[in-house]
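[1] With the input below, show me the fold.
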Amino acid sequence: MRRELRFIKLLLKLRLSQMMVFRLSFFGSLFVDGSLFIFQLLSFNAIYGQVEAIGAWGRGEMIVFIGTFSLINAINMVVYFFGVINIPTKIKEGGLDHYLTKPINPLLRLSLENIDIGSVPLLFFSIVIIAYGISQLKVSIGMETVLLYVVFVLLMCILYYDMEVILRTISFFVISTSSIDRLEGECIEMCMKIPGNLFKGIFKLLFCVVLPYGIMATIPAKILSKSISIEGLIYATLIVILFTTIMLKFWKYGLKHYKSASS
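    Numbers count the residues shown, from 1 in each chain. Next up is the predicted model:
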C-alpha cells in the first residue's frame, strides 16, 4: 500500500510538471471543461427553470442534485477519466504489455497516469451550485450531515469508476466498443437530468440496479435534503461493494484473455 501511495505521489508530480511545460494544454482543458459546465447549467435552467417541484423534490433539491452530479463528474475528470478512456486503445495496440511488466498494479497506473489538473476549477464551480441549492432547502444541515454527504459522494465516485472500467474491460473480448461508449454517454446524460427516485418500473431496474447511474447523485442529494432512509444508505453501499467486486473480477478475467503484442 505504501508503495502505491508513493507511486501516486510521483504521478501527480509528473503531471504537474507536464502542465507547467504545456500550459496551452492546461488552459485548453480548462476552457473546454468550463464551456461544458456552462452548457450543463443552461440545459438545466431550460428544463427546470420554470418548475418549482418535480415529484417530491422542490427546486432546492434539484439544484443540489445537479450540483452533486457535476461534482462527481468533476472528480472523475480530474482523477481517472482520461486514464480509463485509454484502456481500449492500450488493449488493441498492445500497449498494455508495458504496464503488465511493471511492479505497480497495472489498473492503478492506467487509471491515474493522466490526472487532469485543468478540470480542478469544475470542483469549485460544483461546490458553489451545491451551496446555493442548500440555501434553497428548508432544512437545517449539521456537520454530521455534511460528512455523510462527503462519504457518499466518494462512494459514488468509486461506483462511477467501476462502471467506466467495466465497460472498457469489454475491449478484451470485442473489436470495437464505440456503441458501448455511446450507450454510456446516453445513460449519463439522462441520469444527470432525471433524479433516480423518479424512475419507475423497468427504468428503475435499469438505472438503479443494472446500470446504477441513477443513484450516483440522487443518494448524496437525498442526504443533504434529509429525505434518505437507512435502507437507502445500505442499498447504495451494497451496490458500490457489488460493482467494485464485479469490476475487479472482470478486469482479472479480461487480463487472462489478453493477447500480448509480442505473442
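[2] mind checking how far Asn76 is from Met163?
    10 Å (C-beta to C-beta, to the nearest Å). For every residue, glycine as well, the C-beta is placed using N, CA and C.
[3] Helices of the stretch 1-150 of the chain, residue ranges please.
    For the stretch 1-150 of the chain, the helices defined by DSSP state H, counting those that start in this stretch cover 2-21, 23-48, 59-79, 81-84, 87-93, 96-100, 106-112, 120-136, 143-169.
[4] buried sites along the fifth one?
    Neighbour-count burial for helix 87-93, with 16 or more other C-beta atoms under 10 Å as criterion, is recorded at Ile87, Pro88, Lys90, Ile91.
[5] Can you spell out which helices and strands pack onto it?
    helix 143-169 (3 or more C-beta pairs under 8 Å, 6 or more residues apart in numbering; DSSP states H and E).
[6] Next: the fourth one.
    Under the contact criterion of 3+ C-beta pairs under 8 Å, 6+ apart, the helices and strands touching helix 81-84 comprise helix 106-112, helix 143-169.
[7] Relative to the whole chain's centre, how far out is that helix?
    Helix 81-84 has its C-alpha centroid displaced from the chain centroid by 11 Å (C-alpha atoms, centre = their mean, to the nearest Å).
[8] Repeat that for the third one.
    For helix 59-79, the separation from the chain centroid amounts to 10 Å (computed by C-alpha atoms, centre = their mean).
[9] so where's the stretch 1-150 of the chain uncertain?
    1-55 (pLDDT under 70).
[10] Name the nearest residue to Val209, ignoring sequence neighbours.
    Ile239 (7.7 Å; C-beta to C-beta, 6 or more residues apart in numbering).
[11] where does the one you found land in three-state SS?
    Look at Ile239: counting by DSSP: H, G, I helix; E, B strand; the rest coil, its state is helix.
[12] again with the one 4 residues further on
    Here Phe243 is recorded as helix under three-state DSSP.
[13] repeat for Lys252
    Three-state call for Lys252 (three-state DSSP): helix.
[14] quick one: contacts for it?
    Lys252 makes contact with no residue, according to C-beta atoms under 8 Å, 6 or more residues apart in numbering.
[15] cutoff 10 Å now
    Lys252 is in contact with Leu107, Thr169, counting by C-beta atoms under 10 Å, 6 or more residues apart in numbering.
[16] circling back: so the residue nearest to Val209 is in contact with Tyr213, correct?
    No - using C-beta atoms under 10 Å, Ile239 makes no contact with Tyr213, being 11.2 Å away.
[17] Looking at these two, which is more packed in?
    Neighbour tally, Ile239 and Tyr213, criterion other C-beta atoms under 10 Å: the higher count belongs to Tyr213, 23 against 20.
[18] quick one, what contacts that one?
    69, 156, 159-160, 163, 184, 187-192, 196, 206-207.
[19] which of those lies closest to Asn114?
    Tyr160 (16.3 Å; C-beta to C-beta).
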